[in-house]
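1. Here is my input; please provide its structure:
(one chain, ligands or ions: 1)
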Amino acid sequence: MPATTGPRNVSDADAADQRLHVAIIMDGNGRWAKQRGMPRVLGHRAGVNALKRTVEGAQSQNVGVLTVFGFSTENWRRPAHEVSELMNLLKAYVESDLERLAKAGVRVRVIGRRTGLSADIAEVIDRAERRTRDNTAFTLQVAFNYGGQADITDAARTFAERVERGEAKASDLTEAMFERFLSTASAPPPDLIVRTSGEQRISNFLLWDCAYAELVFQDVLWPDYGPEALAAAIAEYRRRDRRYGGVAADDVAVAG
Ligand code: FPP
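-> Okay, the predicted model is just below:
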């Protein structure tokens, strides 16, 4: 996993060895439920089972960080009972799986705005992060009350506050400095961003961090997702030629 979002040199050997950061927009819960004549919330509940299968599968597929989009800053526009179900599902997931994840060496991180979340949800997030903070085998990063624009805005505000306090100079700001203020700063940028359900949009996910990510869109509804679909997405990623704005090694030789 490269260390910054900018162009960098990754040899073919490194590329094959490195543990990937895979980020997933888990889309299609509502359609999955509708196809079965069920309420949407049952699609979200089935989505939690897909998440469990995918987390399990990722650990044996050379993935070091898995980021999932659980709740966006725009999802508050959904009906109140659906918002409440999504909150409860996060809580129930942490309560049922935290000990197992902790014992398996998984570090849980939650990115996104804490303001706006109720005290019980904020507490469950803090507990999951505290319990697993020393784990290094695998990172599960849950984007919850997260929006890429909100994250960039919050980072800009943090930097501006430093300038106001006289701790930084605006002219010193670089991309490498700025990205340290993002909530995603502790993980490398995603190598691969997957969106399920056939939709082909980024929907305010990891806007800064996606600069050099490979995008894979899969025609599977999230509740049907699991290790095999993840393996297919990674296989597609492996066929891509990542150039980070440069040129392919073969073309350098030809040009030289
Ligand atoms: C998009 O499907 C999915 C979401 C907005 C929420 C994703 C949530 C889960 C998978 C539940 C578990 C999450 C956590 C973090 C415990 P959609 O409802 O927009 O589907 P549609 O486009 O078919 O309507």
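
2. State the pLDDT value of D17.
-> For D17, the model assigns a pLDDT of 59.

3. ditto for G245
-> Looking at G245, its pLDDT stands at 80.

4. For it, grab phi and psi.
-> In terms of degrees, to the nearest 10, the main-chain angles of G245 are phi 80, psi -10.

5. give the contact list for the one residue in the stretch 1-150 of the chain that gets nearest to the ligand.
-> Of all residues in the stretch 1-150 of the chain, the one sitting closest to the ligand is G30 (2.4 Å; C-beta to the nearest ligand atom). To be clear about C-beta, it is placed using only N, CA and C from the backbone, and glycine gets the same treatment. Contacts for G30 were tallied using C-beta atoms under 8 Å, 6 or more residues apart in numbering; they are 40, 43.

6. same deal with T54?
-> 24, 66, 68, 225-227, 230.

7. residues touching F205, list them.
-> 23, 25, 69, 72, 143, 146, 148, 193.

8. For it, what are phi and psi?
-> According to degrees, to the nearest 10, F205 has phi -100, psi 130.

9. Likewise for F217?
-> According to degrees, to the nearest 10, F217 has phi -110, psi 120.

10. any idea how far G64 is from it?
-> Remark: distance between F217 and G64 (C-beta to C-beta, to the nearest Å) = 23 Å.

11. Repeat that for A248.
-> 25 Å.

12. of the two, who's got more company?
-> G64 (19 against 11; other C-beta atoms under 10 Å).

13. Now do the contacts for that one.
-> By C-beta under 8 Å, 6+ apart, the contact set of G64 is 1, 19-21, 138-139.
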